[in-house]
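**Q** pasted the sequence and its predicted model underneath.
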Amino acid sequence: MSQTISYEIIRSFFGGGVVIRSLKTYADTRGMVCETFRTDSDINGDSKMCYISETGPYIMRGSHEHVSQRDEFISWKNHMCYMFYDTISKESAYYITDPTKIINVCVKPRILHAYRNLDNKIAQTLNFPTSLFMGKDKKEPIDEIRHEERLSGKKAYVILGASGRLGKAVTKKFLSNLGEYDYEVIPISTRIHDSQEIVKILDDIDKATKLTKASDVTVINCAGVTNVQEANKKDKNLWWANADLPYLLGEYTGTRGFTFVHFSSDYVFQQMKEGVTAELSPYTQSKKMYEEMLNESLNSGSRKNSHVRVLRVANLFTSDLNDTNNLIQKISKNVNKFAEVKYAPELKVCPTHVDTIANWLFENKEEIADHKTFTDLTPPDIYTIKELLDTFYGGYAKHVEVPSTYIPWMDKFFDNDANGLESSSSYIVDLIESIKNNPL
């Protein structure tokens, strides 16, 4: 077959057992056209029928596998999570579709698969399978091995802010063991603007998890303000995202019997970080406000927030070299224009890697409801810049050289005796660019 349908392969799993393609669209002033099926194409060349399905908000279809049938799904500008498990190699994979694109998902036989609607509206999906459902004249056995019972009555984990750095790490970890898992994962990237949207999302989650008779639901709030350094007291979104939203989520999840997990900062109370004195920035003040609101509720004797678990972390960063802004902001610019932070002389860099937090959550997912309200998750590891790069960027410390200029105010940030290395934020920018352009 030829590629008569124009497309781009964007992912492939299990040696071609699953192929994800983005289909080309043709638009003009009248609208848009997209080819999804042709008998002379390498897509759907031997398909036997077509069906269309509608899937409600956050609901999952599957999981199941076929003995000989290949599925050719068309996700029509949906926000969907497709989940796969190779029953032969025992490998797991998942793919979240771009809601602005038309995606073809090809799944070959013996690949266990399912998909979940990640939007708060109905999603429509086409499928061009290579077998007739129930065979010719609907007189044959159905080519389908169903696995839905594996999830019936199990736990469900809802990840809010799933498109952020922390949300992506948590989503990846919870979806990384699909073949053996006994829980549901619902990653949600939808922005929440007011209390009505909170109620709508939680109601839809309640309906979706009741279909699988989930024994309990945990909502993990990874959403938050991303531009921490530029946050200011007049930014209404700051106070909404870090204070009012988590408080309302705590109230509303409690009425549904859910557990609620929220991320705060270990700088909320200065005493928690030995050797640090600080004037709290507006961002941290907003985190503190939520904790004060929560404590006031707990101290009043109310049980409304007894299901809330607050995890205190700081200096979140990823090991993605393309995440230059985040690394610089979180590691080399702990002092911003709203705060003055002075480290003890012996204190170096103490970052919290998002994967570390995701791993902790995953390992403690069964017991998290029994944890105390506040838990400090900041790791004890302390690094120099050289050690940081070597530990998290795999041998890149060889790129480190002592800069030609020395900036005295950087004494605040790094120990000057750290292997002869003194750093400035501009130097770290140059260093990271050098690593990206000259990988080892």
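**A** Received, thanks.
**Q** tell me where the stretch 151-300 of the chain has helices.
**A** For the stretch 151-300 of the chain, applying DSSP state H, counting those that start in this stretch gives helices covering 165-174, 195-211, 236-239, 245-255, 282-299.
**Q** just name the most buried of these.
**A** Most buried of these, by mean neighbour count (mean count of other Cβ atoms under 10 Å): helix 165-174, with a mean of 23. C-beta here means a position set from N, CA and C on the backbone, and glycine is covered the same way.
**Q** what pLDDT, on average, does that one get?
**A** On average, the pLDDT along helix 165-174 is 93.
**Q** the closest residue to T100 other than its chain neighbours: what's it in contact with?
**A** Distances taken as Cβ to Cβ, 6 or more residues apart in numbering place K77 nearest to T100, at 6.5 Å, with adjacent residues excluded. When contacts are counted by Cβ atoms under 8 Å, 6 or more residues apart in numbering, K77 touches 99-102.
**Q** could the helices of the stretch 151-300 of the chain be laid out in JSON lines, adding distance to D355?
**A** Output for those, formatted as JSON lines (distance: least, Cβ to Cβ, whole Å):
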{"stretch": "helix 165-174", "distance to D355": "5"}
{"stretch": "helix 195-211", "distance to D355": "26"}
{"stretch": "helix 236-239", "distance to D355": "26"}
{"stretch": "helix 245-255", "distance to D355": "23"}
{"stretch": "helix 282-299", "distance to D355": "22"}
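**Q** quick one: least confident helix or strand in the protein?
**A** strand 341-342 (a mean of 37; mean pLDDT, DSSP states H and E).
**Q** in its sheet, what does the next helix or strand after that one sit against?
**A** Toward the C-terminus, strand 341-342 is succeeded by strand 352-353 as the next helix or strand (DSSP states H and E). Strand pairing for strand 352-353, determined by DSSP bridges: strand 316-317 (parallel).
**Q** next one: the strand it pairs with to chain centre, how far?
**A** 14 Å (Cα atoms, centre = their mean, to the nearest Å).
**Q** kindly report the same for stretch 118-129.
**A** That offset, for stretch 118-129, works out to 21 Å (Cα atoms, centre = their mean).
**Q** and if you look at stretch 159-177?
**A** That offset, for stretch 159-177, works out to 2 Å (Cα atoms, centre = their mean).
**Q** hmm, back to that, between the contacts of K77, which is closest to I5?
**A** Of all the contacts of K77, I102 has the smallest distance to I5: 11.0 Å, by Cβ to Cβ.
**Q** now that closest one: how far from T25?
**A** Going from I102 to T25 by Cβ to Cβ, to the nearest Å gives 6 Å.
**Q** give me the residue at the spatial middle of the protein.
**A** With distances taken as Cα atoms, centre = their mean, K168 lies nearest the centre of the chain, 2.3 Å away.
**Q** surely that one and A162 touch.
**A** Yes. With contact defined as Cβ atoms under 8 Å, K168 reaches A162; the gap is 6.9 Å.
**Q** mind checking which of the helices of the stretch 151-300 of the chain is nearest T29?
**A** helix 195-211 (33.9 Å).
**Q** now what about that closest one, what contacts it?
**A** Under Cβ under 8 Å, 6+ apart, the answer for helix 195-211 is 56-60, 120, 156, 158, 184, 186, 188, 190, 192, 217, 219, 245, 248-249, 252-253, 256, 258.
**Q** just how off-centre is that helix within its chain?
**A** Distance of helix 195-211 from its chain centroid, counting by Cα atoms, centre = their mean, is 19 Å.
**Q** one more: stretch 9-20?
**A** 21 Å.
**Q** quick check: buried residues in that stretch?
**A** 13-14, 17-20 (16 or more other Cβ atoms under 10 Å).
**Q** now stretch 36-51
**A** In terms of neighbour count (16+ other Cβ under 10 Å), stretch 36-51 has its buried residues at 36-37, 41, 43-45, 47.
**Q** out of these, who's nearest S300?
**A** Using Cβ to Cβ, the buried residues of stretch 36-51 come closest to S300 at T36, 57.6 Å.
**Q** let me see the contact set for the nearest residue to the closest one once chain neighbours are set aside.
**A** Spatial nearest neighbour of T36, excluding adjacent residues (Cβ to Cβ, 6+ apart): I74 at 5.0 Å. Residues near I74 by Cβ under 8 Å, 6+ apart: 23, 36, 102-105, 125-128.
**Q** mind redoing it with 10 Å?
**A** 21, 23, 34, 36-37, 43-44, 50, 52, 102-105, 124-128 (Cβ atoms under 10 Å, 6 or more residues apart in numbering).
**Q** what of N177?
**A** Per Cβ under 10 Å, 6+ apart, neighbours of N177: 85, 92, 183, 362.
**Q** related to what we said a few turns ago, element containing the residue nearest to T36?
**A** Going by DSSP H and E, I74 is in strand 71-76.
**Q** could you give the mean pLDDT of that strand?
**A** Mean predicted confidence for strand 71-76 is 95.
**Q** adjacent strands (with direction) for it?
**A** strand 102-107 (antiparallel), strand 123-127 (antiparallel).
**Q** how about the shortest one: buried residues?
**A** What it means is strand 123-127. Buried, per 16+ other Cβ under 10 Å, within strand 123-127: 123, 125-127.
**Q** other residues contacting it?
**A** By Cβ under 10 Å, 6+ apart, strand 123-127 touches 36-37, 44, 47, 49-57, 59, 61, 71-80, 97, 99, 102-105, 107, 115-117, 133.
**Q** swap in 6 Å and give it another go.
**A** When contacts are defined by Cβ atoms under 6 Å, 6 or more residues apart in numbering, strand 123-127 is touched by residues 51-55, 71, 73-76, 78, 117.
**Q** what subset of these is buried?
**A** For those, a burial check counting by 16+ other Cβ under 10 Å picks out 55, 71, 73-76, 78, 117.
**Q** residues near E149, how many?
**A** Using other Cβ atoms under 10 Å, E149 is surrounded by 8 other residues.
**Q** how about it, phi and psi?
**A** phi -60, psi -20 (degrees, to the nearest 10).
**Q** look up how far H64 lies from it.
**A** For E149, the distance to H64 equals 11 Å [Cβ to Cβ].
**Q** ditto for K207
**A** Distance from K207 to H64, by Cβ to Cβ: 22 Å.
**Q** now I220
**A** 27 Å.
**Q** neighbour count: those two, which is higher?
**A** Neighbours around I220 and H64, counted as other Cβ under 10 Å, are more numerous at I220. The numbers are 28 against 15.
**Q** who does the more buried one bridge with?
**A** According to DSSP bridges, the residues that bridge with I220 are I159, V261.
**Q** in terms of pLDDT, where does the residue lying closest to I192 once chain neighbours are set aside sit?
**A** Leaving aside its sequence neighbours, I192 sits nearest to I198 (Cβ to Cβ, 6+ apart; 5.8 Å). Per-residue pLDDT puts I198 at 96.
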